[in-house]
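K.L.:
got a predicted structure plus its sequence, pasted below:
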Amino acid sequence: MPSDEIEFQCEEQMEKAVEYLRGELRALRTGRASPALVEHIKVNVESYGSTMEIRELAGISVPEGNQLLIKPFDPTIIRDIERAIQASGIGITPMSDGKVIRLPVPPLSGERRQQLLAQVRKLGEAQKVAIRNARRDANRQIDSEEKAKTMAEDDAERCKEAVQKLTKKFEDQIDAMVAAKAREIEEG
């Protein structure tokens, strides 16, 4: 396998790790109301006979800084959405008037902030491990190519340096994302 292809595969795996972290951080509650908090919650809609995400079933808005408003496109499924929110474990009790669901997002306690900060750091570290695994896999591929004499020693060294630069770049991105989310939690 050519060195540029090894680098490309490695970079692709690292980008996936960063994207995964971005999605996970978006769903963490920080004391502010955000549609990302509920949009990916799966709802089992019995009348449709399928499971769908809330964002596919309703409009989600933030009328006030500490409240979410969920307006189902089909008012008959409002109970299904309420059940899904209660079962999701986000810790917010939905309030319904038959047409819309209101979710009051309470401010975070100091203890809950510390739990969230620990969770954010843990998520960041897990994705750094994924990036290091991608580096390890790429380095193994380079070594096997070099051993099989399909890659020159100089090319192998250059490729390993490029993989290390990618590793540093993506680890720095993860550190920045974790730091930004930590600031958001502390301020929220």
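P.N.:
It's in. Numbers count the residues shown, from 1 in each chain.

K.L.:
mind giving me the domain ranges of this structure?
P.N.:
With domains defined by automatic domain parsing, the chain comprises 3-26+109-187, 32-104.

K.L.:
can you redo these as CSV with mean pLDDT and mean neighbour count?
P.N.:
The way it works is simple: take the backbone N, C-alpha and C, and place the C-beta from them, glycine included. Listed next are the domains of the chain as CSV, based on pLDDT from 0 to 100; neighbours: other CB atoms under 10 Å:
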stretch, mean pLDDT, mean neighbour count
domain 3-26+109-187, 91, 16
domain 32-104, 86, 16
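
K.L.:
just checking, what packs against the helix or strand in which residue 118 is found?
P.N.:
Assigned by DSSP states H and E, residue 118 belongs to helix 110-147. Secondary-structure packing of helix 110-147 (3 or more CB pairs under 8 Å, 6 or more residues apart in numbering; DSSP states H and E): helix 3-27, helix 153-187.

K.L.:
between helix 153-187 and that helix, find me the angle.
P.N.:
Interaxial angle, helix 110-147 versus helix 153-187 (axes from the mean of the first three to the mean of the last three CA atoms, to 10 degrees): 170 degrees.

K.L.:
how close does residue 56 sit to residue 70?
P.N.:
12 Å (CB to CB, to the nearest Å).

K.L.:
and what of residue 163?
P.N.:
Separation of residue 163 from residue 70 (CB to CB): 45 Å.

K.L.:
same check on residue 33?
P.N.:
Taking CB to CB, one finds residue 33 at 11 Å from residue 70.

K.L.:
is it true that residue 153 touches residue 145?
P.N.:
No - using CB atoms under 8 Å, residue 153 makes no contact with residue 145, being 10.8 Å away.

K.L.:
which residue lies farthest from the center of this structure?
P.N.:
Computed with CA atoms, centre = their mean, the residue of the chain farthest from its C-alpha average is residue 149, at 40.6 Å.

K.L.:
you'd agree residue 51 is in a strand?
P.N.:
Yes - the assignment for residue 51 (DSSP: H, G, I helix; E, B strand; the rest coil) places it in a strand.

K.L.:
what's near enough to touch it?
P.N.:
42, 43, 44, 45 (CB atoms under 8 Å, 6 or more residues apart in numbering).
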